[in-house]
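Undergrad: Predicted structure and sequence below. I'll ask about it afterward.
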Amino acid sequence: MTDLKTTFAGLQLKNPIIISSSGLTNSAGKNKKLAEAGAGAIVLKSLFEEQILIEADQLKDPTYSEGNDYLADYIREHKLAEYLELIKESKRVCDIPIIASINCYTDTEWIDFAKQMEEAGADALEINILAVQSDIQYKYGSFEQRHIDILSHIKKVVKIPVIMKLGDNLTNPVALIDQLYANGAAAVVLFNRFYQPDIDIEKMEHISGNVFSSASDLSKTLRWVGIASSMVDKIDYAASGGVHKPAAVVKAILAGASAVEVCSTIYQNTNMYIGEMTRFLATWMEQKGFKSIAQFKGKLNAKDVQGINMWERTQFLKYFSNK
């Protein structure tokens, strides 16, 4: 019998399939159906710092500054109260780990938010610090340091595992992951997906590009999971981005991931695709003689015994040598 159980961020999962933060996970009813379909864990739709600030700004009265402060506080508290209820209700109807999620880019009141999420029953907390660095006066390394500072402050007030979900706009993810581990991160997720901009040339206005990831995104995820898991091996990894096919789950684990976060493929193929993924994983393991995830996790990461690290190759040398 194959055993699909895995450990991610100290959480015991019945299988490696985690539903990532999205509209799929914004209600207890939806989360109950995802759990029933076989998900190993669920990351709740993020509480967005940017959204809260925008809503507060839109309702400002320029003639009443004291009232604006009150309004901003009210919006924050209202959004937080809604989110805490989502955690409590999801925990009540789901028998799998429920991971709260905060999407932020400043180190402000998120410490207090994190504590209240833990008290509401969240099994872990995923932090997304997603921003494009375009300031002409940008100080090199400050974006990475922001990750460390926010993590360090949150770790002082919560005991549940803290997971850092990183964007792919980092010069050296391995160096940052090493520091995140040193500051108490239980796991990292590679990678977060940026908003995809586009332009309507007829209306000459900005529009949203494709909201879904594609299977081709998997290569970047595999590269960095493979490299990072071999160099910072005391922390858990989840692969996110490009995990569209059942085989991608196997590939991610072989590269060193303990779990995968999926979103686009569930939107496109419905909740039933979770079962398709776990059935494929179980069948593949049985065919290869693996009884547990641990037996093949990281088997093909960047710990290269033949002197050629394929994850770090930047040229198409092998491709062209066969032509």
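TA: In hand now; what should we look at?

Undergrad: Below-threshold pLDDT in the stretch 151-300 of the chain: ranges please.
TA: Low-confidence segments of the stretch 151-300 of the chain (pLDDT under 70): 194.

Undergrad: which stretches of it form strands?
TA: For the stretch 151-300 of the chain, the strands defined by DSSP state E, counting those that start in this stretch cover 162-166, 187-190, 197-200, 205-208, 236-240, 259-262.

Undergrad: What pairs with the third one, parallel or antiparallel?
TA: Pointing back at strand 197-200 there. Looking at strand 197-200 with DSSP bridges, its partner strands are strand 205-208 (antiparallel).

Undergrad: Just give me how far the partner strand sits from the chain centre.
TA: Distance, stretch centre to chain centre, for strand 205-208: 26 Å (CA atoms, centre = their mean, to the nearest Å).

Undergrad: tell me the contacts of the closest residue to residue 153 other than its chain neighbours?
TA: Excluding its sequence neighbours, the residue lying closest to residue 153 (CB to CB, 6 or more residues apart in numbering) is residue 111, at 5.1 Å. Heads up, the C-betas are built off the backbone N, CA and C, glycines and all. Residue 111 is in contact with 153, 154, 156, 157, counting by CB atoms under 8 Å, 6 or more residues apart in numbering.

Undergrad: Contact partners for the last one?
TA: The neighbours of residue 157, taking CB under 8 Å, 6+ apart as the test, are 111, 112, 114, 115.

Undergrad: Helix or strand next in line after whichever strand or helix holds the third one, which one?
TA: Here residue 114 is covered by helix 110-120, with elements defined by DSSP states H and E. Heading C-terminal from helix 110-120, the first helix or strand you meet, by DSSP H and E, is strand 124-128.

Undergrad: Could I get the phi/psi values of residue 102?
TA: Main-chain dihedrals, residue 102, degrees, to the nearest 10: phi -120, psi 130.

Undergrad: What is the neighbour count of it?
TA: 22 (other CB atoms under 10 Å).

Undergrad: Which parts of the stretch 51-200 of the chain are helices?
TA: Assigned by DSSP state H, counting those that start in this stretch, the helices in the stretch 51-200 of the chain fall at 65-93, 110-120, 142-155, 173-182.

Undergrad: buried set for the second one?
TA: Yep, that's helix 110-120 we're talking about. Residues of helix 110-120 classed as buried by neighbour count (16 or more other CB atoms under 10 Å): 110, 113, 114, 115, 116, 117, 118, 120.

Undergrad: Now do residue 45 against residue 96, distance only.
TA: Look at residue 45 and residue 96: by CB to CB, to the nearest Å, they are 16 Å apart.

Undergrad: okay, these two: which has more neighbours?
TA: The neighbour comparison of residue 45 against residue 96 (other CB under 10 Å) goes to residue 96, with 24 against 21.

Undergrad: now the more buried one, nearest residue through space, not along the chain?
TA: Of all residues not flanking residue 96 in the chain, residue 35 sits nearest, at 5.1 Å (CB to CB, 6+ apart).

Undergrad: Am I right that that neighbour is in a strand?
TA: No. Assessed with DSSP: H, G, I helix; E, B strand; the rest coil, residue 35 is helix; it does not lie in a strand.
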